[in-house]
Structure formats: C-alpha cells, structure tokens
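S.K.: predicted structure and sequence below. I'll ask about it afterward.
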Number of protein chains: 2
Amino acid sequence: MNRARHRGQLIVLSGPSGVGKSTVIAELLSVRKDIYFSVSFTTRQPRVGEADGVNYNFVTRDAFEAMIAAGELLEYTEYVNHYYGTSLKVIEEKLDAGIDVLLDIEVQGAATVRTKCPEAVLIFIIPPSFEELSRRLHGRNTDGEEVIAGRLEKAKVECREIPNYDYLVVNDKVSWAAEEIIAILTAEGCRTKNRMNLVEGV
Amino acid sequence: MNRARHRGQLIVLSGPSGVGKSTVIAELLSVRKDIYFSVSFTTRQPRVGEADGVNYNFVTRDAFEAMIAAGELLEYTEYVNHYYGTSLKVIEEKLDAGIDVLLDIEVQGAATVRTKCPEAVLIFIIPPSFEELSRRLHGRNTDGEEVIAGRLEKAKVECREIPNYDYLVVNDKVSWAAEEIIAILTAEGCRTKNRMNLVEGV
C-alpha cells in the first residue's frame, strides 16, 4: 500500500546496547524493502566480519574531516579517537527522490537530527525491563561483568532522553516491535501535512 | 498486540457524504473489536431500517435539551429543526476505562472536539477524486441530480477543513483505508506521551 508522496520520510531509531535493535531493523527492512538504511561513516578500522558499505563506510581521517569542513554531515561524534557520522548529502538525495531513510543513531546524534530536520520521526526502542536487558547482554557472551554493568548504566542515562522521541516501542518480541514501527511509518505517511498534494486532486 | 495504556484514545472520523465512511468504519470495527463506536443522540424520527441505540439514540427534544443544560454533550448541532449530538458522559466513561472511542462526526463537530479534547486523533477520509465521489453518489440511486450537486458542493466546503485534521486517508479501496486507520491507531498508541508509564518500569 504505497501512496504518492513528494519527499521521503527521515526515520531515526535509537535504543540501548543489547535491546535487539539490529534484529528489529533487519525484520523491518525485510518487510519494507523500499526503505534506505543509512550506513554511517567512520574512521575506525573494520572489525572481523565487517564489510565496507555494509556495517560502515570506512574512510580515512582526512576524508572524514573534509566532509565536516564541507558541511556534508548531518551529525557526527568523536569516540575513543575515532569519528562516527552520518552523511547529509546521501540522505538528502534519497529523501528528494521520495525514498524513506532509516538512521540507527544514539541519543546525542538523534538530538542533532531533531534540530536540523524537525520533520524527522524519532523512535526509541526499550527492553521490557532492565532485568531483561541485563539477561540479553549476558546472553551475548561477548562482554565481561564490568562492561555489562557499564552498558546498563549507559542505558539508564539514554532512557532519560526518551521524552525527546516521538514514539516508544518495546522490544519484547521482535516481530511485534517491527510491526509497530511499520504502523508508525504508515501513519506518518498519512499525516495531513504529508498528503496535502492529494487534496488538490480532489 | 495490545499494550497497557492508562486512558483510551478518542478518534474522530469525518468525510463527505458518499465517501464510503460507514463501510470503512464497519471494516475497521470488524478488525478492532475493542473499539467503542459512539452512537449519536438525535431528536429526529427513526427512518425505515434504523434502530434505536444502533444508528442513533433517539430521544425527545426535552431529553436532548436537558443534556445540553447539564453539560453532558461534547458537541451538538441543530439541523433542519432536529438536534444531533455526542454524549460526553458516555465517552468519558469509556476512555477512563481504557477503551478507545470512535466518533463519526462532521467538520463542525470535529472542530469542537479538537478544542475540548486536544488529545483526540482527527482523521479525514477523502475520495480518490471528486469525479469518483460523484460516481458513488449517483450509484446510490437515492438522490436526484439537485441533491447530488448540493452534496458535492458541501464536500468541497468540508474539504477546506482538512488542514485541521491530523491524518488524511483516501478511500480508494475500503480494506486499504481501514488498514491505514488501524496503523494510525497503533502508531498513536506508541506515542511517547501515551507510553511513559512503560519507561518507569525500565
């Protein structure tokens, strides 16, 4: 059910580490194949299994700083001596072509997007409970107790930013969370301000 | 997929005569059986096939004016010497019980609801085109040319109120229109402001 619209919708997804965001995004993109998932740029080295243009666009520090200087980035951050950022140029091209664009970024980046693109739809994914988040982080078997404790602490800090988000989705079941996000995007497409072009034809 | 929420959602549906609103509502209610469809009060006589409590709550003029005096009506209008109105009392009871309430009212009543209940979700249903609306009105075989011309003129006037509505749904296909409304209601249920109770548990 696609209805003509002039410009694509910018969608921002945030959520604490371990909430299962990547799985929800994969489910969402398997249903809404028309959505463009924006791949971030970074200056860090690829990890084993990461592919350029899939997990990140891996670029040199010089190239990244050139993008900053040219104003090509929607948002960026420096973390442990490496840059991470989102290309405004690529996103604008997609939106102008009427394609919906999905960004997976953390709360600081989302706040920047809110300021620069007020029409963006901001969705925050939470776990059913902190106990469940702790269980999921332990289940990964990748981090020690100290790292997990740090992630849980960070999750609590991130959750303070929830009031800045338009929608709140609980990832108790991946398919439910994805369904809710799909409904949110359908609804946003039905917003009067996004459809006034249809009224002219009436 | 029902998520706990404190209060029901008030939903207003408007649309020109002949757009197929009743069919869309029937389809919607067959899927979302939990929604309470608010039946209006009127002082006019029941037409053939109309049942009290189903199409309208048929009341006397005295009873209606008593409701006005008691402030029991969310909105009301007088049309060709008959009152038509919506009981605030019934709606509040349902909303307080966490039940979503659907109102089928015209643009003036919707404007009143917007003022009195700013949290209401207003949805306007349009036909794919005025030509199609004209075809549907002719297809009913109930009205003469003059009445149809009047309805089309009224439809154009009503469409000027569209910017006051949150969402715009095109009834080109009943099942699509119903699906979009269902998505809108799911999305509204995911609004951060309606779900902050879930965050306290995180």
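M.R.: In hand now; what should we look at?

S.K.: so what's residue A:104 closest to, chain neighbours aside?
M.R.: The shortest distance from residue A:104 to any non-neighbouring residue, by C-beta to C-beta, 6 or more residues apart in numbering or on different chains, is to residue A:13 (5.2 Å). Where you see a C-beta, it was placed from the backbone N, CA and C, and this is true even at glycine.

S.K.: now swap in residue A:74 and tell me
M.R.: Residue A:74 sits nearest to residue A:88 (C-beta to C-beta, 6+ apart), 4.1 Å away.

S.K.: give me every residue that touches that neighbour.
M.R.: Applying C-beta atoms under 8 Å, 6 or more residues apart in numbering or on different chains to residue A:88 gives the contacts A:71, A:72, A:73, A:74.

S.K.: relative to residue A:41, how far out is it?
M.R.: 11 Å (C-beta to C-beta, to the nearest Å).

S.K.: overlap in contacts of these two?
M.R.: residue A:73.

S.K.: on that earlier part again, distance of the residue nearest to residue A:74 from chain B?
M.R.: 26 Å (C-beta to the nearest C-beta, to the nearest Å).

S.K.: contacting residues for residue A:6?
M.R.: Residue A:6 neighbours (C-beta under 8 Å, 6+ apart): A:98, A:197.

S.K.: quick one: the helices in chain A?
M.R.: A:21-31, A:61-69, A:88-96, A:107-116, A:130-139, A:145-159, A:174-190, A:192-200 (DSSP state H).

S.K.: redo those as CSV? Include distance to residue B:22 and mean pLDDT.
M.R.: Formatted as CSV, the helices of chain A follow (distance: least, C-beta to C-beta, whole Å; pLDDT from 0 to 100):
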stretch, distance to residue B:22, mean pLDDT
helix A:21-31, 31, 94
helix A:61-69, 55, 96
helix A:88-96, 38, 93
helix A:107-116, 40, 93
helix A:130-139, 44, 90
helix A:145-159, 44, 90
helix A:174-190, 20, 96
helix A:192-200, 22, 84
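
S.K.: so which of those comes closest to residue A:51?
M.R.: helix A:21-31 (14.6 Å; C-beta to C-beta).

S.K.: what does that closest one rub up against?
M.R.: Against helix A:21-31 from outside (C-beta under 8 Å, 6+ apart): A:13, A:15, A:35, A:37, A:102, A:104, A:125, A:169, A:171, A:174-175, A:177-178, A:181-182.

S.K.: narrow these to just the buried residues.
M.R.: Taking 16 or more other C-beta atoms under 10 Å in any protein chain shown as the criterion, what is buried in the contacts of helix A:21-31 is A:13, A:15, A:35, A:37, A:102, A:104, A:125, A:169, A:171, A:177-178, A:181-182.
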